[in-house]
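> my questions concern the predicted model and sequence given below.
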Amino acid sequence: MVKILFVCMGNICRSPTAEGVFRYKIEQAGIENSVHIDSAGTIAYHVGNPPDQRAQEAALNRGIDLSSQRARRVNSEDFKKFDYVIAMDSENHYELEVICPPGYEDRLHMFLKFAQNTNETDVPDPYYGGSRGFERVLDIIEDASEGLIQHLTSNKLV
């Protein structure tokens, strides 16, 4: 089983959206029994909270329910538990580099390195914007999720 952790800053917008979208996509691909997914944030401010209501509404409009998720903070032990620790942006990637135990650096990835239809390197944070930003984030995350599934299947990891 491949274990994947999606990480953003607060674990209420981008990473729970990635967790939900990726779960939906692996179910569609029929590989849900081969992949374990979770999400976390680099800060503890929102621990225990559900995803942002705007993220939930945008995802639900696409048939993806995020309501059961709760924010948690990432920790160094996550690098030992997960095969892929995937950062939503370069700032979170840096924060993850700081807590990554020696010998686990190869598990840290940028999510958009798997995207096929964008030249962006960071998933933009929609928190301070309107609902349109959450739709854009969903589009980007769907693209990167499909690319990640392709990566996992082409490398025979699932």
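Now that the structure is in, tell me what you want to look at.

> the strands in the chain, which residues?
2-8, 35-41, 84-87, 108-110 (DSSP state E).

> low pLDDT regions in this structure?
Within the chain, the set of residues satisfying pLDDT under 70 is empty.

> the longest helix in it is where?
The residue-count maximum for a helix in the chain (DSSP state H) belongs to helix 131-154.

> closest one to Lys156 among the strands of the chain?
Of all these, it is strand 2-8 that lies closest to Lys156, at 10.7 Å by CB to CB. For every residue, glycine as well, the C-beta is placed using N, CA and C.

> and that closest one with strand 35-41, angle?
20 degrees (axes from the mean of the first three to the mean of the last three CA atoms, to 10 degrees).

> what strands line up against strand 2-8, and which way round?
Paired neighbours of strand 2-8 in the sheet (DSSP bridges): strand 35-41 (parallel), strand 84-87 (parallel).

> end-to-end on stretch 106-115?
Start and end residues of stretch 106-115 are separated by 19 Å (CA to CA, to the nearest Å).

> start at 34 instead
In the new count, where the first residue is 34, that last one comes out as stretch 139-148.

> can you list contacts of that stretch?
Contacts with stretch 139-148, where a contact means CB atoms under 8 Å, 6 or more residues apart in numbering, come from 39, 51, 112, 115-123, 126, 129-130, 133, 151, 153-156, 173-174, 176-178, 180-181, 183-184.
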